[in-house]
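Novice: A structural model of the following input is requested.
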Amino acid sequence: MPSLYGAVKSKTGELLQESMDYCKGALQSVSRSFALTIPLVENNILGPIMVGYLEARILDTFEDDIGRREITLEERIHSMNLLMEVLESPSSLSAKEKAKTLVDSADEMVANPKYRDLVKNMESILTVHDSFDERTKECMVRWLKEMNFGMQKFLRQEVYSFEDLNEYCYYVAGTPSGFLTELIRTRSKNLSEENSSILRDNERDFGLFLQKVNIIRDYREDILDNEKIFWPGFLFEKHNLIPSDLLKPEHETQSMSMLDAMLDNACQHIEPVKEYLNAIPDEYAGFRAGAAVNFAMGVGTLETMRNNNEVFFGEKPVKITHEARDNILSDPLGFVSN
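Specialist: All right, here's what the predicted structure looks like:
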């Protein structure tokens with residue numbers, strides 16, 4: 001007679017596999033660039049990285065996705081805090097009730113259908129999350145709390161200086177870098193003290209660099225979509241302009257000057273990121289290669305935007321060529337060593 005425990009264990013394993021399959025599919029849907037490199041990642045960190053990204057994506061969705069009606073600041077903050085309470089103890093009855101509240105709010109709160117589906121399938125993400133060891137779950141939640149704190153801060157605060165921009169980018173992109181780095185540093189068996197220090201000292205630069213590339217590249221799209229702008233306010237004051245003015249041909253000279261300032265600021269992270277990537281131990285060569293792909297594409301995008309008025313006047317955001325992309329994919333680490 002088969003044991004009841006065995007049947008329960010089998011059913012639990014089946015649910016976990018189904019939930020993991022959902023997470024993999026969701027990743028393909030919500031982030032093509034991330035999905036491009038995730039297959040390279042080593043198995044012992046794959047699950048936490050994938051689920052951590054999806055949970056951060058849900059948090060970011062409640063922060064800035066425009067719903068089918070005007071969502072108040074208080075509603076956004078309430079949903080963000082509710083998500084964090086769920087992640088603190090996802091298998092508890094209280095967490096399940098709070099998760100249901102978030103799921104039920106998705107149709108009204110979330111405009112983007114891909115992100116709406118993500119929120120509605122939160123249970124699958126939580127199932128995988130809850131399967132991790134306690135140390136991993138604590139690490140994930142701690143970094144997401146930091147992200148949540150900073151996102152809420154900048155819901156209330158504008159970016160005025162480059163220092164503000166660094167702080168904002170740390171909260172939305174530096175915290176994931178911190179989480180990834182902590183996974184590597186705590187799980188590696190071959191990481192030297194020197195390289196561990198290099199990873200810790202430069203982990204922010206990796207996230208800040210990638211976020212700044214996005215902020216610069218997506219400027220025109222964000223203006224047209226009435227999104228919040230994160231180019232520092234002092235730049236607009238300096239040229240006596242408002243954000244929408246940069247899309248007007250009569251202000252092209254000022255627009256290009258501001259673009260140079262933003263690109264120069266982003267470029268200061270390039271060398272620290274190279275140090276960071278080269279310090280990742282060989283046992284995580286797959287993760288290093290995936291991170292190098294994202295970095296190299298970011299550098300290529302910056303180079304493509306230099307002296308390029310398409311940032312402000314193009315039909316679509318500036319991208320690297322297919323040829324450049326293929327070259328990066330064929331040898332991402334070669335680019336990092338240059």
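Novice: from here on, contacts and neighbour counts on C-alpha atoms
Specialist: Fine.
Novice: and residue 226, how many residues sit next to it?
Specialist: Per other CA atoms under 10 Å, the neighbour tally for residue 226 reads 11.
Novice: what do you get for the one 10 residues further on?
Specialist: Burial of residue 236, expressed as a neighbour count using other CA under 10 Å, amounts to 18.
Novice: which residues does it contact?
Specialist: Residue 236 makes contact with 242-243, according to CA atoms under 8 Å, 6 or more residues apart in numbering.
Novice: Remind me which helix or strand it belongs to.
Specialist: Here residue 236, judged by DSSP states H and E, is contained in helix 233-239.
Novice: Go ahead and list the helix or strand containing residue 57.
Specialist: helix 43-64.
Novice: need the next SSE after the helix holding residue 236, C-terminal direction.
Specialist: Downstream of helix 233-239, the first helix or strand assigned by DSSP H and E is helix 252-267.
Novice: List the buried residues of that next one.
Specialist: 252, 254-256, 258-260, 262-263, 266 (16 or more other CA atoms under 10 Å).
Novice: before we move on, what about stretch 275-285?
Specialist: For stretch 275-285, burial by neighbour count (16+ other CA under 10 Å) applies to 275-281, 284-285.
Novice: Among those, which lie within helices?
Specialist: Counting by DSSP state H, these place 275-278, 285 in helices.
Novice: which pair in the residues you listed spans the largest distance?
Specialist: The span of those, defined through CA to CA, is set by 275 and 285 at 14.7 Å.
Novice: circling back: can you tell me which of the buried residues of helix 252-267 lies closest to residue 89?
Specialist: Checking those against residue 89 with CA to CA, the nearest one is residue 266 at 37.8 Å.
Novice: re earlier: would you mind giving the buried residues of stretch 275-285 as CSV with distance to residue 62 and pLDDT added?
Specialist: Shown next, in CSV, are the buried residues of stretch 275-285 (distance: CA to CA, whole Å; pLDDT from 0 to 100):
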residue, distance to residue 62, pLDDT
275, 34, 97
276, 31, 97
277, 31, 97
278, 35, 96
279, 35, 97
280, 33, 97
281, 36, 96
284, 33, 96
285, 34, 95
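Novice: buried stuff in the helix holding residue 236?
Specialist: Those would be 233, 235-236, for helix 233-239 by 16+ other CA under 10 Å.
Novice: now swap in stretch 73-90 and tell me
Specialist: Using 16+ other CA under 10 Å as the burial criterion, the residues of stretch 73-90 that qualify are 76-77, 79-90.
Novice: Please tell me the pLDDT value assigned to the closest residue to residue 33 other than its chain neighbours.
Specialist: Of all residues not flanking residue 33 in the chain, residue 294 sits nearest, at 7.6 Å (CA to CA, 6 or more residues apart in numbering). On pLDDT, residue 294 comes in at 93.
Novice: residues touching residue 294, list them.
Specialist: Contacts of residue 294 (CA under 8 Å, 6+ apart): 33, 37, 210.
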